[in-house]
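[1] Sequence first, then the predicted structure, then my questions.
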Amino acid sequence: MGEAILGAALDRRVFVAPEVTVIEKLESRRDQLYARYGVHVSETFEAMAEAGLVLLSVKPQEMRSVAGKLREDALLLSIMAGVTIEALRSEFQHNRIVRAMPNTPAAVKAGMSAWTATAEVTEEQRDFTRDLLGAIGRELSVDDEKKIDMVTAVSGSGPAYVFLFIEAMVEGAVAVGLPRAAAEELVLQTLYGSALYAQESGRSPADLRAAVTSPAGTTAAGLIELEKGAFRAAVIECVRAAHQRAVELGKA
């Protein structure tokens with residue numbers, strides 16, 4: 001995820017390569033990042049001391065391996081799942097913090113990121129956060145950190161739910177006789193087009209669904225089976241379970 005943000009931000013000139021230092025413990029990754037993006041690379045945390053922005057993109061359990069003092073006016077931006085602002089404030093003795101939750105479609109600049117900031121974050125730093133996260137897709141500012149756990153359950157984990165649905169639709173298409181390659185192309189374009197249509201039409205999902213559903217037609221027959229399988233209820237419970245787990249991780 002950190003590399004996705006780096007690549008998109010450089011591509012859209014949110015910042016330029018000579019201004020960036022990537023801290024990476026693995027030599028092979030340092031060599032790869034330098035060759036691909038032309039950024040400075042380091043295995044130590046010395047660069048943190050002078051940075052105006054520190055982007056934390058490590059596994060939550062590795063947060064304490066990050067050792068370095070930040071400038072008082074620096075922005076600390078974390079994309080670690082489940083790590084609260086209070087935990088970041090305590091660990092780094094720092095107050096200007098943004099906690100963000102992007103998702104994996106960021107890799108193709110189609111991500112959805114939600115973020116929240118502490119009161120100490122300046123308006124200029126908030127604008128920079130919007131530009132940075134906007135480089136990888138869409139961004140949404142929320143006013144309460146508790147909503148980040150809700151976002152995690154929806155857009156953070158959401159791609160996995162969508163991928164499972166894609167798998168199931170492909171298997172259904174193969175089951176009725178379509179070649180797998182054709183099934184995958186049909187399903188992927190159908191989901192892509194449906195999402196884009198929903199975004200741009202200005203109509204509710206319920207209205208769009210109804211417009212496709214003729215009485216006693218093929219769509220109605222398929223939807224009846226989804227309702228028999230409690231599809232809607234299962235998705236709602238899926239999001240609820242993911243939210244509960246996000247809350248639990250934040251308390252760990």
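    Cool, got the structure. A quick note: this is a predicted structure, and the numbers were derived from the prediction, not measured.
[2] how deep is the spatially closest residue to residue 73 that is not a sequence neighbour tucked in, by neighbour count?
    Excluding its sequence neighbours, the residue lying closest to residue 73 (Cβ to Cβ, 6 or more residues apart in numbering) is residue 96, at 7.0 Å. C-beta coordinates here come from the backbone N, C-alpha and C atoms, glycine included. Neighbour count of residue 96, defined by other Cβ atoms under 10 Å: 22.
[3] from what I can see residue 96 touches residue 126, true?
    No. At 10.5 Å, residue 96 and residue 126 do not qualify as touching, with contact defined as Cβ atoms under 8 Å.
[4] Can you give me the pLDDT of the closest residue to residue 12 other than its chain neighbours?
    Spatial nearest neighbour of residue 12, excluding adjacent residues (Cβ to Cβ, 6+ apart): residue 135 at 4.5 Å. Residue 135 is assigned a pLDDT of 95 by the prediction.
[5] isn't residue 4 right next to residue 110, touching?
    No. Applying Cβ under 8 Å, one finds residue 4 not in contact with residue 110, separated by 10.6 Å.
[6] who's more crowded, these two?
    More neighbours surround residue 4 than the other of residue 4 and residue 110, with 20 against 14 (other Cβ under 10 Å).
[7] Which strand or helix spans the more buried one?
    Using DSSP states H and E, residue 4 sits within helix 2-11.
[8] repeat for residue 247
    Per DSSP H and E, residue 247 falls inside helix 231-251.
[9] now that helix, how far from the chain's geometric center?
    17 Å (Cα atoms, centre = their mean, to the nearest Å).
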